[in-house]
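Colleague: Below are the sequence and a predicted model; questions follow.
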Amino acid sequence: MSTAPSKSPAPPLRPADLEGVTVHGADGVVVGRVRDIYLRDATGEFAALAVIRRQLSSRTVLLPATVIAALPREPDRERAEPDGLHLSIPAAIARGGPCPPATGHVGAAELRELEQWYARAARPDGATHAAS
């Protein structure tokens, strides 16, 4: 009896693998592409990402990890990039989000404020802070 060779599991997605990945809102609309990755100081875990809205745009928004619904799958050999990153919020809210700090660093307090901003913006009562 022969056994088929076992496939080793794909290595876990690293934060650096997200750079340049297309970001989609919960409504399927493209928000932009991942520009920067932010990690938690204490643990090194993924905390947030900066998304540039358009290729020639100077507008970049900061999205906390808490609004990410699905990370991209590993790319197929035939495809040039993964299928994209999907958010749990609509693109309009993501596009209207706060800008990343000029320092390039997000501390624990700033991260909590960021998460609270998106929680308020996505309230079901229809009141959002999003600006298209």
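Modeller: Received it, and whenever you're ready, just let me know what you need.

Colleague: okay, Ile68: pLDDT?
Modeller: As predicted, Ile68 sits at a pLDDT of 93.

Colleague: Can you give me the distance of it to His24?
Modeller: 11 Å (CB to CB, to the nearest Å). Every residue, glycine included, has its C-beta placed from N, CA and C.

Colleague: who has more neighbours, those two?
Modeller: His24 (21 against 18; other CB atoms under 10 Å).

Colleague: Pull the contacting residues for that one.
Modeller: 30-31, 84-87, 91 (CB atoms under 8 Å, 6 or more residues apart in numbering).

Colleague: bridging residues for it?
Modeller: Beta bridges link His24 to Val30, His86 when assigned by DSSP bridges.

Colleague: For this protein, which segments count as strands?
Modeller: Using DSSP state E, the strands of the chain run over residues 22-24, 30-39, 46-52, 60-64, 68-70, 85-87.

Colleague: Please name every helix or strand in contact with the fifth one.
Modeller: With contacts defined as 3 or more CB pairs under 8 Å, 6 or more residues apart in numbering; DSSP states H and E, the packing partners of strand 68-70 are strand 85-87.

Colleague: Counting by contacts, list what the strand it packs on packs against.
Modeller: strand 22-24, strand 68-70.

Colleague: was I right about Ala47 contacting Leu39?
Modeller: Yes: contact criterion CB atoms under 8 Å: Ala47 and Leu39 qualify, at 5.8 Å.

Colleague: who's more crowded, the two?
Modeller: Applying other CB under 10 Å to Ala47 and Leu39 shows that Ala47 carries more neighbours, namely 22 against 14.
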